[in-house]
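Engineer: model the structure of this input:
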Amino acid sequence: MENSSRQEGTEKVLITLRRRNHKKSRRGCGNCKLRSVKCDETKPECKRCTTYGVLCTYNANAAELQSSFVGITTMKRDSPKAQRPIIQAQANQTFFSVAQTPPRLINSPPIISDGYAGIELDTQSLERLRRFHLRTIPTMAGPEGAAFFHRQAIKMACSAPYVMHLVQALTSLHDRHFSGQVHKLQIVAESYHLSRAAAQFSRKLSEPLSPADRDPVW
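Structural biologist: I've put the predicted structure just below:
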């Protein structure tokens, strides 16, 4: 018994010695804490916030993730190397050029890609996009808001896959609300698109923003 007690005591000492105390900095800026990244604590603006493109602040009461960019941005165009068509957010991108394309005329589903992730718009996805434009936006945004979303929402969704996933999830939720019934397939679709949107948006936030990212992110 005595030898056993000594062995246990020795193991506890060894475990204790292996643990290294590390001091967590609580002086980092608010945005680095929000993004769960290590702040270099450079003042007045840390390097991570400068690179990421947000206003750096050490004030706990300041608004989070304020963009340091000013003005309206231009959406970049993806390289047309993919075998299947890739929808790009161009200045003349409209709902009619994307969502009203009859699914039966599409030989291969178009893909929306931002270089990091993508979403394939199959027949069901295109139908949801159509309903989002014709029903969900007018129902939820009101006259003034609907005008804005009709101009901008499709264009942003066609440049950022995570926005398109959100559009798909919101429309599926709206479909379920209108039907008044719980459909397992709709819930599965909502969960899938919400999870993909969260994962892709999280990855986007972990990288420096390009000019094409600014409008969809903010």
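
Engineer: so for the host helix or strand of C32, what gets flagged as buried?
Structural biologist: Assigned by DSSP states H and E, C32 belongs to helix 30-35. Neighbour-count burial for helix 30-35 flags 30-32, 35 (criterion: 16 or more other C-beta atoms under 10 Å). The C-beta positions use only the backbone N, C-alpha and C, and glycine is treated the same way.

Engineer: for stretch 33-46, same thing?
Structural biologist: Under 16+ other C-beta under 10 Å, the buried positions of stretch 33-46 are 35, 37, 39, 46.

Engineer: hang on, the earlier thing: now what about whatever helix or strand comes next after the helix holding C32, what contacts it?
Structural biologist: Where DSSP H and E defines the elements, the next helix or strand beyond helix 30-35 is helix 47-52. For helix 47-52, the external contacting residues (C-beta atoms under 8 Å, 6 or more residues apart in numbering) are 29, 31-32, 35, 37-40, 55-56, 68, 208-209.

Engineer: from these, pick the one nearest S195.
Structural biologist: R35 (19.8 Å; C-beta to C-beta).

Engineer: show the pLDDT at that closest one.
Structural biologist: According to the prediction, R35 has pLDDT 70.

Engineer: verify the stated contact: it with S206.
Structural biologist: Yes. Contact status for R35 versus S206: in contact at 7.3 Å, counting by C-beta atoms under 8 Å.

Engineer: let me see the mean pLDDT of stretch 136-148.
Structural biologist: 79.

Engineer: could I get the CA-only coordinates of that stretch as CSV?
Structural biologist: Output of stretch 136-148 as CSV, limited to C-alpha atoms (Å, rounded to 0.1, in the frame of the first residue of the first chain):
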residue,chain,number,x,y,z
THR,A,136,-39.9,36.1,-50.1
ILE,A,137,-38.4,39.6,-50.8
PRO,A,138,-41.7,41.4,-51.2
THR,A,139,-43.2,39.6,-48.2
MET,A,140,-40.4,40.3,-45.8
ALA,A,141,-38.8,43.5,-46.9
GLY,A,142,-41.7,45.8,-47.7
PRO,A,143,-41.9,48.2,-50.7
GLU,A,144,-38.8,50.2,-50.1
GLY,A,145,-36.7,47.3,-48.8
ALA,A,146,-37.9,45.1,-51.7
ALA,A,147,-36.6,47.5,-54.3
PHE,A,148,-33.1,47.5,-52.7
